[in-house]
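Asker: Have a look at this prediction, sequence included:
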Amino acid sequence: MKAVTLQTLKDLKARNERFSSLTCYDASFAAAMARAEVEVILIGDSLGMVLQGHDSTLPVTVDDMAYHTAAVARTNKTALIMADLPFMTYATLPDALANAATLMRAGAHMVKLEGGAWLAETVAQLARGGIPTCVHLGLTPQSVNVFGGYRVQGRGDAGERLLADARAVVEAGAAVLLLECVPTDLARRLHAECPVPVIGIGAGPDCDGQVLVMHDMLGLHNGKPARFVKNYLGSGDGSIEAAFRQYVAEVKDGRYPAPEHAFA
Ligand SMILES: Nc1nc(=O)c2c([nH]1)NC[C@@H]1CN(c3ccc(C(=O)N[C@@H](CCC(=O)O)C(=O)O)cc3)CN21
Ligand SMILES: CC(C)C(=O)C(=O)O
Ligand SMILES: [Mg+2]
């Protein structure tokens, strides 16, 4: 696969073609994802839960994120590499710029931030400084204590507010949007009007890309998996690489996500 850039994602969107994304935190899995041609790798702050064993993403630091981003970037030279800015590391503009720079130096090609319209100035300043952003909307796990749990977001009036947030950050220069755990109809409406690529997780099929936490799609989770999770281990020859390949194929041909992976 040729190296994936933001332009690649724009070209795929223009042709209404789907692309795949998985979280990844280390060099060996990153190499397998290169072989399986996963287009976008996310070094997610979910590493606080799946690697470190915390019960939320809040304890994760920029140094944690830089360590895992560097490991991934050493062995995967083809995916577009996106890294999460962790909890409270972009609450002020100077912090956002300095912390995003740390992740870019570690090997990220773009950073992801959770929030809405209030991020507009941050997104604009990062873009001016040469750092593309993905804005994560809907179920933003860094706000789990505000939500009171990991629950579907954007039902009813909250859906209109989410659309307004999306418009504000795109206007400010967000390069990509990520929609987590929102009703399929809301994702469809946003996707229909959005000029930049939209990645979904638990947002139904009408997104440009899909993302899953790697551990989830390999069947490793503590307790009940979220509705959007599909286990790909056991695909093909049973290897981890075959699981990645099957996921990529199913995202591209629309078999994933099926209605049972989405919220009506
Ligand atoms: N392993 C893992 N997978 C993830 O997808 C993930 C993490 N960790 N850590 C950070 C966040 C937390 N996320 C979560 C966690 C739980 C649900 C969940 O259980 N959702 C319910 C929604 C119930 C409802 O409101 O109707 C579900 O049934 O899917 C969703 C996303 C997504 N992220
Ligand atoms: C669930 C995805 C979108 C994420 O932000 C993460 O893995 O941290
Ligand atoms: Mg995250």
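Answerer: Noted; the coordinates are in hand. Bear in mind that the values here come from a model prediction, so they are computed numbers and not experimental data. Ligands and ions are numbered 1, 2, ... in the order given.

Asker: Does Ala66 touch Met104 like I think?
Answerer: No: using CB atoms under 8 Å, Ala66 is not in contact with Met104; the gap is 9.7 Å. Any C-beta I mention is one placed from the backbone N, CA and C, and that applies to glycine too.

Asker: can you give me the strands for the stretch 1-150 of the chain?
Answerer: 19-23, 40-43, 80-84, 110-114, 133-138 (DSSP state E, counting those that start in this stretch).

Asker: for those, which one sits closest to ligand 1?
Answerer: Ligand 1 lies closest to strand 19-23 among the strands of the stretch 1-150 of the chain, at 8.0 Å (CB to the nearest ligand atom).

Asker: so what's Leu6 up against?
Answerer: By CB atoms under 8 Å, 6 or more residues apart in numbering, the contact set of Leu6 is 80, 109-110, 132, 175-176.

Asker: how close does Arg7 get to Pro132?
Answerer: No Arg there; residue 7 is Gln. 11 Å (CB to CB, to the nearest Å).

Asker: okay, the two: which has more neighbours?
Answerer: Pro132 (22 against 9; other CB atoms under 10 Å).

Asker: Would you point out which residue of the stretch 51-200 of the chain is nearest ligand 2?
Answerer: Asp84 (5.2 Å).

Asker: Quick check: beta-bridge partners of that residue?
Answerer: Per DSSP bridges, the residues bridged to Asp84 are Lys112.

Asker: contacting residues for it?
Answerer: 42-45, 57, 60, 65, 111-112.

Asker: Low-confidence ranges, the stretch 101-250 of the chain, go.
Answerer: Applying pLDDT under 70 to the stretch 101-250 of the chain flags no residue at all.

Asker: For it, just list every one of the helices.
Answerer: Here the stretch 101-250 of the chain has its helices, by DSSP state H, counting those that start in this stretch, at 120-128, 144-147, 157-172, 184-193, 214-217, 240-253.

Asker: Give the other helices and strands that the longest one contacts.
Answerer: Meaning helix 157-172. Contacts defined by 3 or more CB pairs under 8 Å, 6 or more residues apart in numbering; DSSP states H and E place helix 157-172 against helix 120-128, strand 133-138, strand 176-180, helix 184-193.

Asker: Same list, these, but as a markdown table with mean neighbour count and distance to ligand 2 please.
Answerer: Output for the helices and strands packed on helix 157-172, formatted as a markdown table (neighbours: other CB atoms under 10 Å; distance: least, CB to the nearest ligand atom, whole Å):
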| stretch | mean neighbour count | distance to ligand 2 |
| --- | --- | --- |
| helix 120-128 | 19 | 17 |
| strand 133-138 | 27 | 6 |
| strand 176-180 | 26 | 6 |
| helix 184-193 | 18 | 14 |
